[in-house]
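only the shape, not the letters, is given here:
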């Protein structure tokens, strides 16, 4: 799914691109996006594909990854899939991930 260049966090500007593990998605939704009422999506990434493109990746102590460059627009090798996040009773609920 091609989309524009994505270079920084939508919440907490200046932090670059940050990721979380599948298990961390709900925590991020609750901590960062609970007040947002626009449709959210989870972009599932292939972190190894970034390394193959020469883009630096750094794993932090929580298991999340900081990506040292923009998401390459139109490069299907890094985006595994894009999954809508359901709003259930006014709360964003992490979708089922990790299964193609």
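In hand now; what should we look at? Keep in mind the model is a prediction, meaning the values are calculated, not measured.

C-alpha only now, for contacts and for neighbours.
OK.

all strands of the chain, in order?
Assigned by DSSP state E, the strands in the chain fall at 17-18, 41-45, 57-59, 65-67, 79-84, 87-88, 91-92.

and residue 26, how many residues sit next to it?
Applying other C-alpha atoms under 10 Å, we find 17 residues neighbouring residue 26.

quick one on the thing from earlier: export the strands of the chain to JSON lines and tack on distance to residue 73?
Below are the strands of the chain laid out as JSON lines (distance: least, C-alpha to C-alpha, whole Å):
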{"stretch": "strand 17-18", "distance to residue 73": "14"}
{"stretch": "strand 41-45", "distance to residue 73": "13"}
{"stretch": "strand 57-59", "distance to residue 73": "17"}
{"stretch": "strand 65-67", "distance to residue 73": "14"}
{"stretch": "strand 79-84", "distance to residue 73": "10"}
{"stretch": "strand 87-88", "distance to residue 73": "27"}
{"stretch": "strand 91-92", "distance to residue 73": "26"}
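
distance of the closest residue to residue 77 other than its chain neighbours relative to residue 87?
Residue nearest to residue 77 in three dimensions, not counting chain neighbours: residue 49, with 6.1 Å by C-alpha to C-alpha, 6 or more residues apart in numbering. Using C-alpha to C-alpha, to the nearest Å, one gets 30 Å for the distance from residue 49 to residue 87.

likewise for residue 73?
Distance of residue 73 to residue 87, computed by C-alpha to C-alpha: 27 Å.

same check, this time on residue 74
Per C-alpha to C-alpha, residue 74 is found 28 Å from residue 87.
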